[in-house]
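J.: okay, predicted coordinates and the sequence, questions at the end:
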Amino acid sequence: MCSDETTRWVEVCYCPTPLLEERPYWEQFFELTRVQDAHDRSRCRDENGTEPWACGDCDCTQRLERKLEGSGESFLETLRRAVTGKDAEPRR
């Protein structure tokens, strides 16, 4: 979660349009203000056919996840605190 109370996340999605299938479910709980590809799809190995299912281990996803980890607070930990009223134990 960011200081402006927005939430950002990275999700591997194989849909031709990001979150094509998942969007109706996410929209039940969130106002999606921006959904975008991690990078230009022409460079995506899954999309251009050079490596099917490459997005599962794509380094662009890993880079984005690392960047988000350093900005703000874990959304999952925020939810845990809201439910339990205290800081959750770290996951192992």
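T.: Nice, thanks for sending it over.
J.: identify the residues contacting the residue nearest to P18 when sequence neighbours are not counted.
T.: In space, and not counting its chain neighbours, P18 is closest to V35: 4.9 Å by Cβ to Cβ, 6 or more residues apart in numbering. (C-beta placed from N, C-alpha, C; glycine too.) V35 makes contacts with 18-19, 23, as judged by Cβ atoms under 8 Å, 6 or more residues apart in numbering.
J.: quick one, phi psi at V35?
T.: phi -130, psi 130 (degrees, to the nearest 10).
J.: okay, it: pLDDT?
T.: Note on V35: pLDDT of 87.
J.: P24 now?
T.: 92.
J.: now the contacts of V35 as TSV including distance to G49 and neighbour count?
T.: Formatted as TSV, those follow (distance: Cβ to Cβ, whole Å; neighbours: other Cβ atoms under 10 Å):
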residue	distance to G49	neighbour count
P18	19	16
L19	22	16
R23	25	14
